[in-house]
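**Q** Below are the sequence and a predicted model for it; my questions follow.
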Amino acid sequence: MAISVHLRRRKQSNKGRISLYLEYYKGTVTGPDGKVKALRDYEYLELYLDDKPRTAPEKAHNKKILELAKSIKAKRELEIKNGQYGFDSGVKGKALVLEYFKAEAEKKAKPDDSGNWASTLKHLTGFVEKRYSSRITFREIDKVFCEGFKDYLRDEATTRTGKSLSTSSQAAYYGKFKACLNKAIKDGILTNDPAKGVARPKIVSHKREYLTFDELQAMAKTECRNPTLKRMFLFSCLTGLRFSDCHKLTWGEVEEFGEGWRIVFHQQKTKGLQYHDISQQARELLGEQGGPDERVFFAISKYSAYLSIVLREWALKVGIAKHLTFHSGRHTFAVLQLENGTDIYTLSKLLGHREIEVTAIYADILDKKRREAMTQRIPELSL
């Protein structure tokens with residue numbers, strides 16, 4: 001069957017424009033399960049239309065871009081007719097890596113998953129533009145490229161604040177890159193996996209300071225010289241929120257829900273939307289209701305070394321000498337949840353983790369405590 005070419009459009013919802021690409025339809029194939037599957041390849045043109053053109057220049061731009069896309073389509077049809085494009089050597093592999101990944105990231109633009117895809121695209125673009133060309137195709141992707149991107153995430157990529165990526169972020173971003181390669185294989189753009197044999201970055205766990213329930217109870221009963229910090233930290237221990245999310249929390253994000261309360265907010269770190277049910281006690285820690293745009297913990301302007309000192313002084317009052325930071329509240333929440341029967345998948349959702357491997361670190365902590373209980377808590381028998 002002859003290959004047919006179709007000009008397609010994909011709306012980029014967050015940018016107000018439409019991406020144009022060519023779809024090459026190459027017939028169908030019947031799989032071993034008896035299902036008929038269409039064979040398609042794609043070419044991303046790096047041409048964009050304004051989604052809702054209003055002015056004369058915008059309409060003229062759309063007309064010009066559409067004519068250019070149609071001329072490319074006509075050229076491809078002629079190339080196919082003249083035998084320049086075949087099933088194996090033509091379109092396959094010519095899709096641009098960055099454009100294809102961008103399209104996949106847009107499809108994944110859901111509140112709980114878009115952040116990792118967007119961040120991966122940013123780092124992949126940085127790597128490609130530094131080492132290759134922004135117009136690199138899948139045909140040029142090999143094991144060296146995959147190893148290089150993995151090394152780039154480890155050695156060169158940074159966060160918005162200029163810090164090196166954590167091992168969990170490296171693993172998450174490389175995982176999205178690998179998922180894109182797998183999709184390209186499924187779409188027939190790649191015939192084999194160029195990342196085969198390239199191990200995913202290993203997550204290195206660091207010591208996480210947390211409070212036992214008895215320690216948390218003792219701190220709750222003890223005065224802190226910064227009452228707002230006390231309420232905020234205890235709220236983190238009961239909800240798992242980071243300092244950044246507690247700090248920016250407004251009364252407009254605190255809602256009555258059924259017979260209880262919940263907070264609806266975008267995580268500062270991941271930008272993922274969270275629907276977070278909270279206990280009555282956690283609600284009481286928020287204090288008196290304010291206006292929708294007012295910050296709940298308005299008395300704290302930013303996190304500082306001073307607050308860390310106050311937090312540790314407060315802990316020392318009850319004999320806790322652990323190196324606590326505000327993030328210890330999040331760790332405390334995670335460990336207490338696991339101790340009280342919450343499964344790892346549910347905890348992952350409560351913490352807003354995109355990679356369950358990150359949450360599994362807390363399970364490791366709990367396993368160590370269980371081993372200690374089995375090997376050290378029961379006195380030795382006199383034999």
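**A** Perfect, I can see it now.

**Q** Skipping adjacent residues, who's closest to Y210 in space?
**A** Closest residue to Y210 apart from its sequence neighbours, by Cβ to Cβ, 6 or more residues apart in numbering: H331 at 3.9 Å. The way it works is simple: take the backbone N, C-alpha and C, and place the C-beta from them, glycine included.

**Q** which SSE is the residue most central in space within the chain in?
**A** For the chain, the residue nearest the mean C-alpha position is N116 (2.8 Å; Cα atoms, centre = their mean). Per DSSP states H and E: N116 is located in helix 114-131.

**Q** sorry, back to before: and the pLDDT for the residue nearest to the centre of the chain?
**A** For N116, the model assigns a pLDDT of 79.

**Q** my guess is it contacts Q170, does it?
**A** No - assessed by Cβ atoms under 8 Å, N116 is found out of contact with Q170, at 11.7 Å.

**Q** so what's the residue nearest to Y210 up against?
**A** 208-210, 362 (Cβ atoms under 8 Å, 6 or more residues apart in numbering).

**Q** go with 10 Å
**A** By Cβ atoms under 10 Å, 6 or more residues apart in numbering, the residues touching H331 are 207-211, 236-237, 240, 324-325, 361-362, 365.

**Q** What is the helix holding N116 packed up against?
**A** For helix 114-131, the packing partners by 3 or more Cβ pairs under 10 Å, 6 or more residues apart in numbering; DSSP states H and E come out as helix 97-107, helix 143-155, helix 167-186.

**Q** so which of these gets nearest S348?
**A** Nearest to S348 among these is helix 167-186 (12.1 Å), distances taken as Cβ to Cβ.

**Q** Dump the very next helix or strand once past that closest one to CSV, keeping only the CA atoms.
**A** Using DSSP H and E, the next helix or strand after helix 167-186 towards the C-terminus is helix 213-220. Taking C-alpha atoms only, helix 213-220 is exported to CSV below (Å, rounded to 0.1, in the frame of the first residue of the first chain):
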residue,chain,number,x,y,z
PHE,A,213,5.3,10.0,68.1
ASP,A,214,6.4,10.4,71.7
GLU,A,215,8.9,13.0,70.7
LEU,A,216,6.4,14.8,68.7
GLN,A,217,3.9,14.7,71.6
ALA,A,218,6.6,16.1,73.9
MET,A,219,7.3,19.0,71.6
ALA,A,220,3.6,19.7,71.1
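
**Q** which helices and strands does helix 213-220 pack with?
**A** So helix 213-220, by 3+ Cβ pairs under 10 Å, 6+ apart, packs with helix 227-239, helix 305-316, helix 328-339.

**Q** Export the ones you listed as TSV, with columns for distance to V198.
**A** As requested, the helices and strands packed on helix 213-220 are exported to TSV (distance: least, Cβ to Cβ, whole Å):
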stretch	distance to V198
helix 227-239	38
helix 305-316	40
helix 328-339	31
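
**Q** mind giving me a markdown table with these and columns for distance to R135 and mean pLDDT?
**A** Conversion of those to a markdown table gives the following (distance: least, Cβ to Cβ, whole Å; pLDDT from 0 to 100):
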| stretch | distance to R135 | mean pLDDT |
| --- | --- | --- |
| helix 227-239 | 47 | 94 |
| helix 305-316 | 47 | 91 |
| helix 328-339 | 43 | 88 |
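
**Q** By residue count, what's the longest helix in this protein?
**A** As assigned by DSSP state H, the longest helix anywhere in the chain is helix 56-81.
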